[in-house]
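Chemist: all I have is the shape, not the residue letters:
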C-alpha cells in the first residue's frame, strides 16, 4: 500500500517522521474520502479540535483543518485518510510545550472492512484516556495479539465491574427486538456509531444508550461492531454466547449509516 504523507501541507521531513516513530504523544482520526467529501466530517473535525486543545492547548481551527485535508486528497476520487496531531516540541524529557500542534495527513487507498463477521472474547481492559482517539495503542495491539493467539477474532473490553465498553478499534451495538442498545461506559464516541444512531429514527428503529453488564448479553438477540472502515459487521459470539445473524437488520443498520450524506471538505462561499 502506498501512502502520501504531508505535514502542515508540505512533504514530511525525516526529522518529523523520526519524532513520530519515537514519541507516541498525539491524537488522530481516520475516514474514507469520496469525491472530496467525508461522511461524518463534522464529527471528525470536532474530534480533532477537542484533542488539539486538550493535548496541546491550542487548535489549528476548522478552516485550517479543512484546508489541509482538501490539499491532501486533491486529485483523488476515493481515498482513506488518517489525520494525526503531534508536536516536535514535546518529548519524554520536555513535555511542557503549549501551542498549535502540527497536522500530519496520510492518504492511502481505501481499506476493506475490518471483517465480515467476528467471534470475540471479553477482556478486562480500559484504554488510557478513553474519550480520546490517541496514538498510544500498545495496549490494544497487545490484547488483540493475545486473543487471536487464543483462537478468537478480536477482544471486547469490559471494566473491572464487568460492564461492556468498546472493542479494540470499534464500537459495539446490541440488538434487542427492534431496538439497538449502545453500552454506556468510559470509551471513545465512535463517529460511525453516531451516524448510525442519527439514521435509525428515520427507519423506525429506536436506540438506547445505557450501562450493559456482561452477564446480561445472553438476553440480546444479536450484536454488531462498527467503525469508519466497517459500517456494520455481525458479531456471531461473545465467548460462549452465540448470536444469530439477521441480514435484514444489518442492512437496515448500514442504511441508517448511509442516510448521512458525505459533507464536502471545502466550504462554498456565497
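Modeler: Great, that's in hand. Please read these numbers as outputs of a predicted model, since none were measured by experiment.
Chemist: residue boundaries of the helices in the stretch 1-150 of the chain?
Modeler: Assigned by DSSP state H, counting those that start in this stretch, the helices in the stretch 1-150 of the chain fall at 14-22, 41-56, 62-72, 138-149.
Chemist: tell me the mean pLDDT over the shortest one?
Modeler: Confidence over helix 14-22 (mean pLDDT, whole number) is 92.
Chemist: flag every buried residue along it.
Modeler: Judged by neighbour count using 16 or more other Cβ atoms under 10 Å, the buried positions of helix 14-22 are 16, 19, 20. (C-beta placed from N, C-alpha, C; glycine too.)
Chemist: before we move on, back to that, most tightly surrounded among the helices of the stretch 1-150 of the chain?
Modeler: Highest mean neighbour count among those (mean count of other Cβ atoms under 10 Å): helix 41-56, with a mean of 19.
Chemist: want to throw the helices of the stretch 1-150 of the chain into JSON lines with distance to residue 244?
Modeler: Listed next are the helices of the stretch 1-150 of the chain as JSON lines, based on distance: least, Cβ to Cβ, whole Å:
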{"stretch": "helix 14-22", "distance to residue 244": "44"}
{"stretch": "helix 41-56", "distance to residue 244": "31"}
{"stretch": "helix 62-72", "distance to residue 244": "40"}
{"stretch": "helix 138-149", "distance to residue 244": "23"}
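Chemist: quickly note the distance from residue 175 to residue 131.
Modeler: Computed as Cβ to Cβ, to the nearest Å, the residue 175 to residue 131 distance reads 25 Å.
Chemist: between those two, which one's more packed in?
Modeler: For residue 175 versus residue 131, the count of surrounding residues by other Cβ atoms under 10 Å is larger for residue 175: 22 against 14.
Chemist: name the element the more buried one belongs to?
Modeler: Element membership of residue 175 [criterion: DSSP states H and E] is strand 171-176.
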